[in-house]
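**Q** how would this look folded up:
(one chain, ligands or ions: 2)
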Amino acid sequence: MIVEMLTGGVIALTSATLGFALARLSPERRSESKQGKPICGCDHERAFHNLKTGECREQVQVVTKTDEWGDPIKWVFEQCKCQHYTGPEPITQYYAPEIES
Ligand SMILES: [Zn+2]
Ligand SMILES: [Zn+2]
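**A** Numbering: from 1, shown residues only. Ligands and ions are numbered 1, 2, ... in the order given. Got it, this is the predicted structure:
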């Protein structure tokens, strides 16, 4: 009886540990695939944004004239009006020069 109880306890413990390990693993995997390319609120990649000013350098299509059915027939390209990247920050690895003498 005691042995049975012990075995049951061990199995329960093992599955709990396994579940914990899996739970720990899966969010990491999810965030990894989620990250992909960091996209700003303006729908452009972080790479398009000026690192100093924050301005987005990507061109956006602005429709200036549509036909009677509302389909664009004339458009111009303007610089995106985004002034600051608002998307997720990628994990940047800062280069720290060794100050040791
Ligand atoms: Zn932007
Ligand atoms: Zn933009």
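**Q** what about the chain, any weak spots by pLDDT?
**A** When residues are selected by pLDDT under 70, those of the chain lie in 1-35, 92-95, 101.
**Q** the domain parsing of it - what is it?
**A** 1-36, 37-86 (automatic domain parsing).
**Q** Can you report how many residues lie near the residue nearest to residue 55 when sequence neighbours are not counted?
**A** In space, and not counting its chain neighbours, residue 55 is closest to residue 83: 5.8 Å by C-beta to C-beta, 6 or more residues apart in numbering. In this view, the C-beta of every residue, glycine as well, is placed from N, C-alpha and C. Here the number of neighbours of residue 83 (other C-beta atoms under 10 Å) works out to 13.
**Q** Residue 43 now?
**A** Neighbours of residue 43 (other C-beta under 10 Å): 12.
**Q** Tally up the residues packed near residue 38, please.
**A** Residue 38: 14 neighbours (other C-beta under 10 Å).
**Q** Which residues are in contact with it?
**A** 45, 46, 87, 88, 89, 90 (C-beta atoms under 8 Å, 6 or more residues apart in numbering).
**Q** All set now, cheers.
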